Structures are given as structure tokens and as C-alpha cells.
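In: please find the sequence and the predicted model below.
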Amino acid sequence: MSALALSFSDTMVLAKRNLARIPRQPDLLIAYTIQPVMFVLLFVYVFGGAIQTPGFDYVDFLMPGIIVQSLAFGGFVTALGLAEDVKKGLIDRFRSLPMSRGAVLAGRTLSDIALNCVSLVVLFAVGFLAGFNFIDSTVFEIVAGLVLCLFLGYAFSWIFALIGLFSSSPETANAIGFTAIFPLTFASSIFVPVESMPDGLRQFAEANPFTTIADAVRSLWLGTPAHSDVWMAFVWCTVLTLVFAPLAIKRYRTVAAK
Amino acid sequence: MDEDAIVVDGLKKSYGAVQALCGVSFSARTGTVLGLLGPNGAGKTTAVRILSTLLQPDGGTARVVGLDVVKQAPALRAKIGLAGQYAAVDENLTGFENLEMVGRLYHLSKGEAKERANELLVRFDLVDAAKRPAKTYSGGMRRRLDLAAALVFRPPVLYLDEPTTGLDPVSRLSMWETIEARTAAGTTVLLTTQYLDEADRLADRIVVIDHGNVIAEGTSDELKDQVGGERLDVRLEDEADRERAISALAEIADGRPTAEGDIVHAPIRRRSGVIAQAVRRLDDAGVGIDDIVIRRPTLDDVFIALTGHAAEEEAAAETPEEVRA
């Protein structure tokens, strides 16, 4: 087999391994299903009445944002899983095997895509039940939005991979992820229109890639003016992947069990 | 064909200001077990990490089955197996799935990987647990699975990094038996350990390292000879009889006996008949004996003699290897 075919085979073996653990760790499954559902219900019914989204029902405004946030955080299992693999010495074993150097991380990020697809199904199910509708969207636009969300999730998987490889334990990875990235999703247009934010924060939110991506998905699914958001969103995802994938692979090559 | 499967020459590695290895050299003949013995922090694991291509040395060279561990790392990885103190198995996968995955990552075909996994589960006595996630395994079972994973590809060189650290005495003994019986003949094994009895039992040759330096090398017997041969220890009923006991034993001793509290130590050459003679002579001299034993030096003695400290904290509490009279 060629080197490329072997790398692909290694990646698939490891992606399968990551997916096999999901049904055996029910807590992970809960994080993937109940948590996004809870977020939708919380924002639509608790905060929704107090948030002004001119021209839209709040649920229509919220769903693209919450999908962007949920899929960005889909890679979190990668951070937790890698931190655990490092701690347990599994990474040592993988690195001592005659396998492809990028396969462990490629397998992780690939299985994240599969998990994110499951997330999407759950989110859309609860979204439609709460009254979400696509507005003026073609099938192409709907699919483009889905691809964009999955691409964002993929880019973030690499960021989380790097976090996981730098953390001494899954707990640390968890703490870093939640203190560094979680607030970023709130200082954006994911949950509220940025126009409602005070000066300073508003400018920050406008520059935030989460705003660009959430607005891009809204323009695809709700027919809002797109401006440059859609292609900028794809640029962001590409840049994040191109920056963080090599960093994570570099870190993987030297990471040592604690 | 190279006589030595592992050749390490002047290996150096430091982590910041800490020198983990300060120019370590040793070699292991093909098909033998080399014990790397040293206390925690001696540099054993660093050496294994370099030899298994996980870590790059700062200086020196190392060749395993003729392959340079830095320049030919990718080719070398197909020749080595690594099992360690971490018991690196995926807890969420079953025993079978763990072995199958490792087989696939060694690029065995699906069929071969399954077949090999089943074969190893039988050999390592894990058939009943094959379909259970590894997180339900006992410590000893995990180590066996870890060792089985290291042997999936029948590597000519196997690294065992502290294979019994943290195991209870029963699991430890069974792990020793597993290592002795299951590592195929012809496999070169590098075993690191801080347990002297483990090196004594499993290793053909022992390299003692401390603070990143090799301080002694040889077979277990050669090392023990360095601190002298066998010794007769006599516990006296009355400490006041010390001088009389020393002169009574002087003739049968190989060197002048010494006394320490109520115990008289006499170096001896031959064991046969020595105790009977000693008892007779002491009785003739009217010295009352509380206890009398022939003591062989242990690797503990070797270690203390070489380094001035014990190899392991528990060493002090361990009973010396004794031949009771």
C-alpha cells in the first residue's frame, strides 16, 4: 500500500476507536444531546422574550447562532480525549508504532465531524419543535450553511486538539476550553444582535469571527444581507485549520506523558 | 547479523538544567534480557523513551537491530514493542478491540489483526475478559493486555518499562511468570526496574544506573561478587561474648570476622559444613548462640555499596535473602 493509503487506513482505525467509545461513555452522549437542547430551550423561552431581534422571531435568530456555538464546541471531546490519552500513555504507544504521524489527530478531528452531524440532527429537531423556520432559502443555501457549520467544527477540533495536547489532564483541558473560548461565543452575535451591546464590546463583537460565521449562516438560512460574511466565514475556517493543524501535529510529535 | 541488538553509546539527554542521562553506554546481546536497574529518576525511562523513538537524545548514538534511533526511526518502529508502567490500553475498548486496533496500526490486514488478537488473548489468559471494556480489568490484567499489545507484531526487540511497578505482590509474581513464559525465545528484552529482585530474576545482564550514569554492569552474580561472597551471621545470646566468638570463628572465616551489636559477621568461602563447624567451635568456646544464618549478598547490598543509598525506599523493609540454619 502507498504511504497515503496507509495514513488513511490509520486515520480510519483511530476514528473508529473514538466513535466506539461514545456509546460506552453515556455522559459524553448526554453532553452531545441534552446540553444543546437545554441551551435552545433556555434561550428561546427564558431569555428570548427579553431580547429584541427586529424583523425576526427570536427562535429564528437564535438557531443559526446556537448551531454555530454547539458545533464549534463539538471538538471539545478531542481536547478531553487527547489529554486523557497523553496522561494514560496511549500517545506514547501510538508514537512508538510504525503508523502515520498525523493519524491520531486526523482520526480525532474526523470522528468529531461524525459527532457534529449527530448534534445537527438533534439541534434541528428541537429547533423545529420550538418554531424555527428557514426563510427564503434555497436548498443550496441550506446545504452551504450546514457545510460551513461543520467546517467551523472541524477547524475548532484542531484548536481543541492543541489544547488537549498542552493540558496535563482532562480537567485542565476543560478549564482552558471554558475560560478561553466559551466567553468568546457570548461576545458575538450568536445570542443577541451586536447593536444592543455597549461601545467597546460592540466593536469587539463585530470583529469576532463567531459573529462573522453566525451572520453568514443567518444570511444563508434567513435571507439577511450577506455582505462579505459568507466568504469571510469560509476564510476564517480555512485560516484556523491551516494555523492550528500544523501546530497540533508539531506538538503531538514531541508530547510526553506526564 | 549483529551480535548486539541494542547498542547505546554515550547517550546524553537533559531537561533544562536537569541532566537525565550523562553519557550512558551499554549493549544487549540479541536474544537476551538486559535489566536497567536504578532508583526513581535515575534516567531509566528517559533511556527507554529514546530507544523507542519517542524522544531525541542531545548527544551520543543508539542503534537497535542495526537501526539508528534518530535517523532511521520510522523503520525502527516496526521492530520494537513497548510496554510500560502506564499500562497504555484504551479503557473504553474491550481487550479484543485494543489488540485488534494495535494490529491494524501495525498495518496487519483486518483478518490478520483479528486472528492475532485472539491468539494473544489466549496466550495472556484474557479470553474470558476479551469482550469487556479494559476499564473493568484489574491492574494485573491491564498489564498483561499492555504486554500483549506490545507483542502483536512479534517485535525482535521488546522494551518493558517498569512492568510491575504498582502491582500487588501476587500480580507481580504472575507478571514475572508471564514475561518469562510469553516473551518468545530470540526476543531481545530491555527491562527497566527499580526492584532488585525483579532484575535478579528476569535479567541475564544488569546495568545499574544512578543519576544518569552507568555505575556497574554485569550478571547478577558478578555484581554480588563485587560486594563480597557469602557471610555467616551469628546472633549471640550475650553481647559480652563478642571477642570470644570472633576468635572462635577466625579459623573457618575467609578474613577477620567483625561484630555489630550482638551479631558477629564472618565472611566465608564454602557453605558446606560451615554451620556445623561454627556451632561446634562456638560451643567449645562456651559462646551461647541465639541464631545463626548464612547470608548471600543481595542486589540491595550491591546497590548500597555502589551508590551509598538504597535503590528503593521499600528495600530497607525487605527481608534479605537468607539460608536458615
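Out: Sure thing, it's come through. Just so it is clear, the structure is predicted and the values come from calculations on it, not from any experiment. Numbers count the residues shown, from 1 in each chain, chains lettered A, B, ... in the order given.
In: my read is B:L160 is in a strand, agree?
Out: Yes - applying DSSP: H, G, I helix; E, B strand; the rest coil, one finds B:L160 inside a strand.
In: B:V48 versus that one, what's the distance?
Out: 9 Å (CB to CB, to the nearest Å). Any C-beta I mention is one placed from the backbone N, CA and C, and that applies to glycine too.
In: could you do B:G103 as well?
Out: B:G103 sits 23 Å away from B:V48, going by CB to CB.
In: how many residues are close by the residue in chain A positioned nearest to chain B?
Out: When distances are taken as CB to the nearest CB, chain A reaches nearest to chain B at A:G89, 2.9 Å away. Neighbours of A:G89 under the rule other CB atoms under 10 Å in any protein chain shown: 21.
In: identify the contacts common to B:L160 and B:V48.
Out: Residues within reach of B:L160 and of B:V48 at once, by CB atoms under 8 Å, 6 or more residues apart in numbering or on different chains, are B:G84, B:L190, B:T192.
In: out of the residues you listed, which is nearest to chain A?
Out: The shortest gap between chain A and any of these belongs to B:G84, at 6.2 Å (CB to the nearest CB).
In: just checking, what packs against the least confident helix or strand in chain A by mean pLDDT?
Out: When each helix and strand of chain A is scored by mean pLDDT, DSSP states H and E, helix A:26-41 comes last, with a mean of 82. With contacts defined as 3 or more CB pairs under 8 Å, 6 or more residues apart in numbering or on different chains; DSSP states H and E, the packing partners of helix A:26-41 are helix A:58-72, helix A:76-88, helix A:103-129.
In: by contact count, what packs against the shortest one?
Out: Contact analysis of helix A:76-88 by 3+ CB pairs under 8 Å, 6+ apart lists helix A:3-21, helix A:26-41, helix A:90-96, helix A:103-129, helix A:139-166, helix A:170-180 as its packing neighbours.
In: touching it from outside, list them.
Out: A:18, A:21, A:28, A:31, A:91, A:94, A:104-105, A:108-109, A:112, A:115, A:157, A:160-161, A:163-165, A:167-170, A:172-174, A:176-177, A:255, A:257-258, B:86, B:88, B:91.
In: low pLDDT regions in chain B?
Out: Applying pLDDT under 70 to chain B flags the ranges B:1-2, B:86-87, B:184, B:270-271, B:299, B:309-325.
In: how about the contacts made by the residue nearest the centre of it?
Out: By CA atoms, centre = their mean, chain B has its centre lying nearest to B:A199, at 2.3 Å. B:A199 is in contact with B:G35, B:L37, B:L191, B:T193, B:I206, B:S220, B:L299, counting by CB under 8 Å, 6+ apart.
In: repeat that for B:S27.
Out: B:D4, B:I6, B:V7, B:V8.
In: ok, what's across the strand from the third one?
Out: In this structure, B:V7 bridges to B:S27, B:R63 when assessed by DSSP bridges.
In: and for the one 5 residues further on?
Out: Residues found in beta-bridge contact with B:K12 (criterion: DSSP bridges) are B:C22, B:G59.
In: run a quick neighbour tally on it.
Out: Neighbourhood size, B:K12 [other CB under 10 Å]: 16.
In: again with A:L148
Out: Neighbours of A:L148 (other CB under 10 Å): 23.
In: ditto for B:Q56
Out: With neighbours defined by other CB under 10 Å, the count for B:Q56 comes to 12.
In: repeat for A:P193
Out: Neighbours of A:P193 under the rule other CB under 10 Å: 16.
In: what residues does chain B have near chain A?
Out: B:49, B:52-55, B:74-75, B:77-78, B:80, B:82, B:84-93, B:97, B:101-102, B:104-107, B:133, B:149 (CB under 8 Å from any CB of the partner chain).
In: where does chain A have low pLDDT?
Out: The low-confidence ranges in chain A, as defined by pLDDT under 70, are A:1, A:256-258.
In: residues of it that sit close to chain B?
Out: Counting by CB under 8 Å from any CB, the positions of chain A adjacent to chain B are A:1, A:6, A:9-10, A:13-14, A:17, A:20-21, A:24-25, A:88-90, A:92-99, A:103, A:256-257.
In: just the buried residues of those.
Out: Buried by 16 or more other CB atoms under 10 Å in any protein chain shown: A:6, A:9-10, A:13-14, A:17, A:20-21, A:25, A:88-90, A:92-99, A:103, A:257, out of those.
In: mind listing what's buried in stretch A:119-137?
Out: Neighbour-count burial for stretch A:119-137 flags A:S119, A:L120, A:V122, A:L123, A:V126, A:G127, A:A130, A:F132, A:F134, A:S137 (criterion: 16+ other CB under 10 Å).
In: quick one: which of these is nearest A:L71?
Out: A:S119 (6.4 Å; CB to CB).
In: and that closest one, how far from A:G48?
Out: Distance of A:S119 to A:G48, given as CB to CB: 21 Å.
In: now A:T212
Out: Counting by CB to CB, the gap from A:T212 to A:G48 is 23 Å.
In: okay, these two: which has more neighbours?
Out: Neighbours were counted for A:T212 and for A:G48 using other CB under 10 Å; A:T212 has more, 25 against 19.
In: I'd like the next helix or strand past the helix or strand harbouring A:T185.
Out: If you go by DSSP states H and E, A:T185 is part of helix A:182-186. Per DSSP H and E, the first helix or strand lying C-terminal to helix A:182-186 is helix A:201-207.
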